[in-house]
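Chemist: this is the structure alone, sequence omitted:
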């Protein structure tokens, strides 16, 4: 029997993470990592309804023990598994605060999710991704590790450093991982999401705007899937993503 | 009868252009623009053999009259056509020369292809791309205009300014076009090809290297196709592309 | 009596920090912040020998209490002081480690100095910098806050994420601070030091190289001074710095 | 007798070029290159009034013959001269036009000044700059070649490609020149001027704005001078410059 092929998605809320999980569940057994998994039932069901397999595991990505426990569970349940795709979609709080008003706790928390969390996620998924590389099936795609960034990854705006400075750091980390692991066949990518995503929580400011000004989370998921389908002789490390109507 | 949907590819040689043409020919009537079309027969045949339609037209992209004549032919033969995808893959000479040895003619020629050529190609395809936007079919993809760049688009190396300076310029031009036409629904993208492409002309230096260190032109074509398939609510403007074994 | 004008330099070792301190001491009372101030005597003396004033204060920039204590001392000793220039030159460890070998402690420590430290330094100096803005003397330069970055601030190399990822983050933070405080007249700058600095600790690998391949720390100090002398109508936010013989 | 040390400034109007010329004339015999030198009398006089030496020479930087003639005149009048500093401040027209409205002539003209002009200027000044390197005086600064860029060098805005695309190209060219000639001791720099400069022609839109929102041309000149004063062990290749009140 061939080993289980996993897609491991960290940072699942009602937004991009859910769309990404559903997209990758069309081919892989999908692990949903989130701090609070109480609300993941509907996502799981939307996957199983289509014949897919999904499993939610609670994890605080910024906490080494919590992440270790989550991956122990994964290995216990799927001892022979490889990881075909791992998506780090967790993000620190999007808080607007002037420099003089930021508390150390807030700043640390932003780092904790976006940078320490990304490192821990990479450290736990990379061995499984490398293992996936050994599989040789006909419809095999290279093991893929994707990090979700934002326009704040490239541009430090006034009063957005709690969110933005760690996003810069995550981008640097993603490049380091790519330069170390691409030669071993792992596709490491960083997506710069530039603009608001059309998810329930954003409706308070999106509801009066045309659809062409917000990004479709299903389309982000499709782009991540396309990255995953790229050949080892054609890796894209960075993509930007924006709605046609976005000013940039 | 529904109008003919064109893919117009400029800069067809035995390399990327040919692969891109074949890929887009799976759905669209494909126009092959090249300075010398004598050698395009085998590409045309590889398209028609699979049931596709292709037409080669001779054009010097740097020459306004030549480009006009080529598009007049297109409009004459396909009077109702829209353009689904336009790919500018032409490139000036890849010559290594120190600053003091560059002739004005050489520098002008690099500009002529990579910048003036790109402008002329955009000016001639954009009206057809906008027209495509009006089509509403089930499997409709947004009209797409892709420019092929290189690592030299981002980094001015010593002795490569004949090739590189216009590649910087092309990148700036592509951004301007994107910012003007994305709000009108045209997907404008720029691809940074970072590293050698595995095409016949490169074998003299690639033949002793592992495949993992050169880019597969078929895979580039697949990535361009993925860009074309993105929704208007998820446009990627820039992708980088490199083989897993590339140092960067 | 006019208030004391301070230059506060964080991250003083035998290298750039010392040179910067000496340069700014030609005009300002200079505060030397370092974790270990035992070895700062010779730097202090080189300043006082030339008629300058310098004071060393022990501080761990990554530690909020330690930084608070240091600035309490500054305010106690110089109750009416303004800060003319503040330079954050502290840096986390320059350790080479593959992703799978990095410990959370190491990664946190890199963040602690380069990002949390930079935030704390900014939070403590900005009020004094803003105060300096009110001074109107003939030879007045705008209050200046400079952060020292590295080539790793722009490029995530394999096995250098302990050092590099927080340097990316610091760069993002510096941009946010600039965009918030430049309109209030504070000059915020970020210097990308690209290449080895000619300081005692680097002699083990520099000693056989020509001087033209290493950066002169006195020259870095002079460049920082030039940034400080820029008018409020001509702020440079980012400079790169490298020796003439550096490959880049 | 020691040889004449020249500063050669291309692109002199009533703005930045004039300020730069005056600044460098404090030490060097200054050559003013402009298409129309009829109006350079007052600049020349402001230099000679302070005891400096200046000479205006008519030249169209985009025209190889015109540039050759200008440098022939320089060599005739100053046969033993070296060039201490060369500043390329010429710029194509700042015209706003949508892609479909740009004429080939306009696009070529933008290239002609910003790219071909920059190449010709570099080709003609570099031999004189290299020669300057041989001088060994006490107050010797490294030979310096500076190119004036703009925010459009980094960002392709809608409808600004006539101006912007060649500015991208110029930036790439400047990098190539730096990478080739810095190892030979020539300091090559590129300045990104981000925002309006406070010069007479801009008063129609600046007159109601606070001074803090426009760049002082004298301060740009001072920054260029600071670049010139950098040591060969501390070259800055790129600076950005903006007024404290600039949004960016």
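Modeler: Yep, it's here. From a predicted model like this one, the values you see are computed outputs, not experimental measurements.

Chemist: ok, and the closest non-adjacent residue to the residue of chain A most remote from its centre?
Modeler: Residue farthest from the centre of chain A, counting by Cα atoms, centre = their mean, is residue A:100 at 31.0 Å. Spatial nearest neighbour of residue A:100, excluding adjacent residues (Cβ to Cβ, 6 or more residues apart in numbering or on different chains): residue C:123 at 6.0 Å. Any C-beta I mention is one placed from the backbone N, CA and C, and that applies to glycine too.

Chemist: now what about the host helix or strand of that neighbour, what contacts it?
Modeler: If you go by DSSP states H and E, residue C:123 is part of helix C:118-132. For helix C:118-132, the surrounding residues in contact (Cβ atoms under 8 Å, 6 or more residues apart in numbering or on different chains) are A:99-100, A:102, A:104, A:107, A:161, C:5-6, C:8, C:10, C:61-62, C:64, C:67-68, C:71, C:81-84, C:86, C:88, C:90, C:143-145, C:147, C:170, C:173-174, C:177, C:181, C:184-186.

Chemist: quick one: is stretch A:156-170 near chain D?
Modeler: No: judged by Cβ under 8 Å from any Cβ of the partner chain, stretch A:156-170 and chain D are separated, with a smallest distance of 9.6 Å.

Chemist: can you name every helix or strand that the lengthiest helix in chain A contacts?
Modeler: Using DSSP state H, we find that the single longest helix of chain A is helix A:161-181. Applying 3 or more Cβ pairs under 8 Å, 6 or more residues apart in numbering or on different chains; DSSP states H and E, we find helix A:161-181 packed against helix A:104-111, helix A:118-132, strand A:144-150, strand A:187-193, helix C:161-181.

Chemist: same list (these) but as CSV, adding mean pLDDT.
Modeler: Below are these laid out as CSV (pLDDT from 0 to 100):
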stretch, mean pLDDT
helix A:104-111, 98
helix A:118-132, 98
strand A:144-150, 98
strand A:187-193, 98
helix C:161-181, 98
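
Chemist: quick one, what contacts residue A:117?
Modeler: Going by Cβ under 8 Å, 6+ apart, residue A:117 touches A:10, A:61, A:62, A:67, A:88, A:90.

Chemist: from those, which land in helices?
Modeler: residue A:67.

Chemist: just the ones of the contacts of residue A:117 in strands?
Modeler: A:10, A:88 (DSSP state E).

Chemist: buried among the contacts of residue A:117? Need that as a selection in ChimeraX.
Modeler: To isolate the buried ones among the contacts of residue A:117 in ChimeraX, judged by 16 or more other Cβ atoms under 10 Å in any protein chain shown, type:
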select /A:10,61,62,67,88,90
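
Chemist: now, which of the contacts of residue A:117 sits nearest residue C:33?
Modeler: Of all the contacts of residue A:117, residue C:33 sits closest to residue A:62, with 29.2 Å by Cβ to Cβ.

Chemist: how close does the closest one sit to chain D?
Modeler: Using Cβ to the nearest Cβ, to the nearest Å, residue A:62 is found at 32 Å from chain D.

Chemist: what about residue A:83, which SS state?
Modeler: Here residue A:83 is recorded as strand under DSSP: H, G, I helix; E, B strand; the rest coil.

Chemist: so who does it touch?
Modeler: A:5, A:6, A:7, A:8, A:125, A:128, A:129, A:131, A:132, A:143.
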